[in-house]
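> Fold the following, please.
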Amino acid sequence: MDPTTITTAKRSLLASLVIVGMGFSVLFPILGPLGRELGFNEIQITSIIAISSLTVVLSAPMWGRLSDRWGRKKVMVIGLFGFTGGTVLFNTVLHIGLSEILTGMSLYVLLVIVRIAHAAVMAATLPASNAYMADITSLDDRTKGMGALGAANNVGAIMGPAIAGLAVVSLLTPLWIVAVLACLNGLFVIRFLPDVPPMSPSAATPKLSYLDSRIWPFILVGVVMFSGYALVQQTMGFRYQDALGLSAQETAQTFGLAMMLSAVASLFAQAIVVQRWSAPPRVLLITSIPLLFLAFVLLYFFETEIMLTVSMVVLGLGMGLSGPGLMAGASLAVTAEEQGAVAGIAGSCGPLGFFLGTLIGGALYQTDPTLPYITAAVVYLILFLYMLRVFQGLGDTATDV
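Modelled structure (predicted):
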């Protein structure tokens, strides 16, 4: 690609990721109170996200490899329109439940089935996007490129909870809006995103293992970090509602605002700190852990609205530093021919973390509302010690992992 085409590609890719971020984030402030309106308990509610996250874990590596053969743009488009169709189906089933046409276990099972189908196809978007960015950035700029992707995603994550505020109209209104935006996003990518030639259009694509020694430390750190993040994100809706005595609509608005502020902090980390600091991926990861540990400690000790929100902001700042470190570290550790494969594996760390975090978080919250956060704090302390040991022998230049 010539420099002008690369610039166009980056702008189009980042614009698309804003909408993707909106689509992913709009559900989180709504699902907790919405699930309770449908008569589900905390474990049932969080398991819907957990099961769909596991589906993404199983699907993302395949989509990453297919992006090497079919091209990044084609796989992105499949993911975006899959997201649109899946959201329409999911919303329809939710509407059936709120109308009490279908209730109880039958409704729960149907929601899980639809969410699995939804997740299996929408999983194509992020690994193809990450591999696309790897294709058009140099080794020196890889961390900044991944940071820019994260920043764009967080702009969307700011806007998603804002849309969630429309739950005052009805709990499903924000989800219908996201379905329309996802469809428009697919059309935008078809029209404006330049095509990158497939890395290996006919040959068998490289297959990476999660246990590959080059990427294993990053994968382990990523899964544990996202597990803690998911544990908070999937239980905080309950925490806001229970601690503050809010209605379902009030919870969606109040927690939605906290998520917006968390996304702003994450955006600051990725758009300002990562872009100007030029730190190697390992340093970003190690720096993020104390911030995340602090967020969990605050969540354990306080339950006022202001302190819960401050905790979310600190959490967002920590995750904003860790995301680019994870993706860039894994990308720099492998060859150019393996970028699609590694993007699929590294991109599945988040969904795998959400699968574990949501299941564990829901069960712990039902036992004690503060138990998820002290558990996460202890796990993150252990993770920090592990990272210091594993990463201490790596180099110190900006391109080192």
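> what mean pLDDT does stretch 186-198 have?
Per-region confidence: stretch 186-198 scores 85 on mean pLDDT.
> Can you give the contact residues for it?
Here stretch 186-198 makes contact (Cβ atoms under 8 Å, 6 or more residues apart in numbering) with 1, 5, 8-9, 12-13, 15-16, 19, 67-73, 76-77, 80-81, 84, 132, 135-136. Using the backbone N, CA and C atoms, a C-beta is placed for each residue, glycine as well.
> and these, which are buried?
9, 12-13, 15-16, 19, 67-73, 76-77, 80-81, 84, 132, 135-136 (16 or more other Cβ atoms under 10 Å).
> so where's the stretch 151-300 of the chain shaky on pLDDT?
154, 199-206 (pLDDT under 70).
> residue ranges of the helices in it, please?
Ranges of helices in the stretch 151-300 of the chain, per DSSP state H, counting those that start in this stretch, are 173-192, 216-244, 248-268, 274-277, 281-301.
> Turn those helices into JSON lines, including distance to residue 323 and mean neighbour count.
Shown next, in JSON lines, are the helices of the stretch 151-300 of the chain (distance: least, Cβ to Cβ, whole Å; neighbours: other Cβ atoms under 10 Å):
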{"stretch": "helix 173-192", "distance to residue 323": "21", "mean neighbour count": "18"}
{"stretch": "helix 216-244", "distance to residue 323": "9", "mean neighbour count": "24"}
{"stretch": "helix 248-268", "distance to residue 323": "8", "mean neighbour count": "22"}
{"stretch": "helix 274-277", "distance to residue 323": "9", "mean neighbour count": "16"}
{"stretch": "helix 281-301", "distance to residue 323": "9", "mean neighbour count": "22"}
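> how about CSV for these, with distance to residue 90 added?
As requested, the helices of the stretch 151-300 of the chain are exported to CSV (distance: least, Cβ to Cβ, whole Å):
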stretch, distance to residue 90
helix 173-192, 7
helix 216-244, 17
helix 248-268, 17
helix 274-277, 33
helix 281-301, 29
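> now residue 97: how far from residue 36?
12 Å (Cβ to Cβ, to the nearest Å).
> In terms of packing, which of these two has more residues around it?
residue 97 (23 against 17; other Cβ atoms under 10 Å).
> Secondary structure element holding the more buried one?
helix 72-98 (DSSP states H and E).
> Rounded mean pLDDT for the next helix or strand after that helix, please.
The helix or strand immediately downstream of helix 72-98 is helix 104-122, counting by DSSP H and E. Averaging pLDDT along helix 104-122 gives 93.
> Low-confidence bits of the stretch 1-150 of the chain, can you list those?
For the stretch 1-150 of the chain (pLDDT under 70), the answer is 1.
> And the pLDDT at the residue nearest the centre of the chain?
For the chain, the residue sitting closest to the mean C-alpha position, by Cα atoms, centre = their mean, is residue 350 at 5.6 Å. pLDDT, residue 350: 78.
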